[in-house]
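**Q** Sequence and predicted structure below; questions after.
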Amino acid sequence: MTAARQLFAQLRKYFPKNIYLNLTIAVKSLGSFKLRTFLAITGVVLGTLSLITVANTSRSMELKTINDLERFGKNLLTVKSGLMRGHGSPTDLTESLRLTPGDARAIKESMPEVKTVAPAATKTFPIKYKNTTVTGTMMMGIPMEFLKLKKIPVENGRLFTDKDNNEMAKVAIIGSKAAGKLFKGEDPIGKTIFVNQAALEVVEVLEPMAVDLSEINEDNIVYVPLSTFMKRLTNTATINLIYVEAVSEAATGRLKREIEALLRQRHNIKKGERDDFTVTDLRDVNSMQTKTMKIVVTLGMITSAISFTISSVGILSVMILMVDERKVEIGIRRVVGARKRDIALQFLTEASFISLIGAVAGLIAGIALTLAISAIAKIPFAVSLAGVAISFAASIVTGIASGIYPSIKAMAIQPVNILRS
């Protein structure tokens, strides 16, 4: 510890001098130990890579959540059909079919703190265009209120109108992924697709949006007017989704409890019986995602810390070998006038240079990996400045810490003993 204090005392007010010379010597000496240097750098690269990737991905998920909330309302509740036991095996569960447009009207009419109510219905159908059939695509019947809730940008086509819903128009808005599978490069606008023997004209194609906070994959979806869905496609009087927008954030929690009480009453659910629906506050979903990302970030930090620790040991071993193999050089430099602090600064510079190279390489690799994740997961690309700053600070600390002992060891070399040997 005393030797370390002496080292830093000697380096005080000296570091800005001779930086270029020390870096030149560092590059030449490290070039003589290519394999060892590469192995030492690898640990820093992995530590920086994991830290920056996790930090950037966390920031990207935050931006996606913000975009989803802005696009789909900040004070939104979703009411979904629950699960009920089927008639077969005791483990069979089927979706409850007890939600109706009447439930949506009751919520709207009986609760003054409700701003917008949008009933919706979903079902998976095979979709056909010419000789191409795509399965596993979700059809979703929506009213005009849904378009008021969800800010869907219009590009080349148009959205639904009141006339479309009133007249059960055979029109559809199709997601980007479903459009790519069906039309394979053709312009979908104005083309006719077939769903359950019904011909639907494509009037708009959605931009890529991935999965929203309500767990709907908007890239693999086809929207149709709710009346068209219920009368022409499924011939049913039930729905399985109700979107409810509150007038304010403060009213959201109260509305959730009021909706649950109202639907239990309308569905004749007795005390002690399970609900056949689920009311979800999208803020809770956002909070859950945030907690999940915090766990991922924490694990990433732990992984980075382990990588930096391993790299510190690697740099330390390389620097000790360099000191042992460069004793003659150190002795000659001392004889011709180099001071102890010159020797100490040289080895600290070399250790820090190794870490800095690893940090830069890890930064580039981390940004490239973040770009790939953003493209695959379809989330906004973002660079966390805090992650970059922490990773570079960690690499610098790693380099300096790894260079302290070799510097002290180099300072202790006596030029007289070297010359005698």
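**A** Here it is on my side, so go on.
**Q** State the phi and psi torsions of Val114.
**A** phi -90, psi 130 (degrees, to the nearest 10).
**Q** I figured it was touching Arg105, is that so?
**A** No: the pair Val114 / Arg105 is not scored as a contact, 11.0 Å apart, by CB atoms under 8 Å. No exception for glycine: its C-beta is placed from N, CA and C like everyone else's.
**Q** Those two: who's more crowded?
**A** Val114 (19 against 12; other CB atoms under 10 Å).
**Q** Would you map the strands across the stretch 1-150 of the chain?
**A** Here the stretch 1-150 of the chain has its strands, by DSSP state E, counting those that start in this stretch, at 76-81, 83-85, 93-95, 114-129, 132-142.
**Q** Just say which of those strands is most tucked in.
**A** strand 76-81 (a mean of 22; mean count of other CB atoms under 10 Å).
**Q** So what angle separates the directions of that one and strand 114-129?
**A** Angle between the axes of strand 76-81 and strand 114-129 is 60 degrees (criterion: axes from the mean of the first three to the mean of the last three CA atoms, to 10 degrees).
**Q** same question for strand 76-81, mean pLDDT?
**A** For strand 76-81, mean pLDDT is 87.
**Q** Which residues outside that strand are in contact with it?
**A** For strand 76-81, contacts defined as CB atoms under 8 Å, 6 or more residues apart in numbering pick out 95-99, 103, 107, 149, 214, 240-246, 252, 255-256, 259, 263, 276-282.
**Q** mind listing what it pairs with, with the direction of each?
**A** strand 241-246 (antiparallel), strand 277-281 (antiparallel) (DSSP bridges).
**Q** okay if I get those as CSV plus mean neighbour count and distance to Met293?
**A** Formatted as CSV, the strands paired with strand 76-81 follow (neighbours: other CB atoms under 10 Å; distance: least, CB to CB, whole Å):
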stretch, mean neighbour count, distance to Met293
strand 241-246, 23, 25
strand 277-281, 17, 19
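**Q** hey, least reliable of those by pLDDT?
**A** Minimum mean pLDDT among the strands paired with strand 76-81: strand 277-281, a mean of 85.
**Q** Which residues are in contact with Ile400?
**A** 348, 351-352.
**Q** so what pLDDT did it get?
**A** With respect to pLDDT, Ile400 has a value of 85.
**Q** can you tell me how far it sits from Leu321?
**A** Per CB to CB, to the nearest Å, Ile400 is found 19 Å from Leu321.
**Q** With Arg98 instead?
**A** Counting by CB to CB, the gap from Arg98 to Leu321 is 75 Å.
**Q** and the two? which has more neighbours close in?
**A** Arg98 (19 against 13).
**Q** my guess is the more buried one contacts His267, does it?
**A** Yes: using CB under 8 Å, Arg98 is in contact with His267, at 5.5 Å.
**Q** list residues touching both of those two?
**A** Joint contacts of Arg98 and His267 (CB under 8 Å, 6+ apart) are 276-277.
**Q** if we can go back for a sec, could I get the strands paired with strand 76-81 in a markdown table, plus columns for distance to Leu299?
**A** What follows is those, written out as a markdown table (distance: least, CB to CB, whole Å):
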| stretch | distance to Leu299 |
| --- | --- |
| strand 241-246 | 34 |
| strand 277-281 | 27 |
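**Q** so which of those strands gets nearest Phe125?
**A** strand 241-246 (16.4 Å; CB to CB).
**Q** Tell me the first helix or strand C-terminal of the closest one.
**A** helix 249-266 (DSSP states H and E).
**Q** Report all helices and strands that that following helix contacts.
**A** Helix 249-266 sits against strand 76-81, helix 101-110, strand 241-246, strand 277-281, with contacts defined as 3 or more CB pairs under 8 Å, 6 or more residues apart in numbering; DSSP states H and E.
**Q** low pLDDT regions in the protein?
**A** Across the chain, the ranges flagged by pLDDT under 70 are 1-33, 68-73, 83-97, 153-155, 210-215, 285-289, 416-421.
**Q** Quickly list the domain ranges of it.
**A** Per automatic domain parsing, the domain ranges recorded for the chain read 2-66+288-420, 83-275.
**Q** To Lys74, which of those lies closest?
**A** domain 83-275 (6.7 Å).
**Q** How far off centre is the closest one?
**A** Relative to its chain's centre, domain 83-275 lies at 26 Å (CA atoms, centre = their mean, to the nearest Å).
**Q** Please tell me how far Ala351 sits from Val397.
**A** Ala351 is 11 Å from Val397, by CB to CB.
**Q** Of those two, give the one with the bigger neighbour count.
**A** Ala351 (28 against 14).
**Q** got the contact list for the more buried one?
**A** 315, 319, 399-400, 402-403, 406.
**Q** Now for Gly47, how many residues are close by?
**A** Neighbours of Gly47 (other CB under 10 Å): 28.
**Q** Taking strand 241-246 as reference, get the angle to the helix or strand containing Ile302.
**A** For Ile302, the host element (DSSP H and E) is helix 282-325. Here the directions of helix 282-325 and strand 241-246 differ by 90 degrees (the same axes, to 10 degrees).
**Q** Make residue 1 into 39 and carry on from there
**A** New numbering, starting at 39: the last item is helix 320-363.
**Q** name the helices or strands packed onto helix 320-363?
**A** On a contact count with 3+ CB pairs under 8 Å, 6+ apart, helix 320-363 meets helix 72-110, strand 114-119, helix 378-415, helix 423-449.
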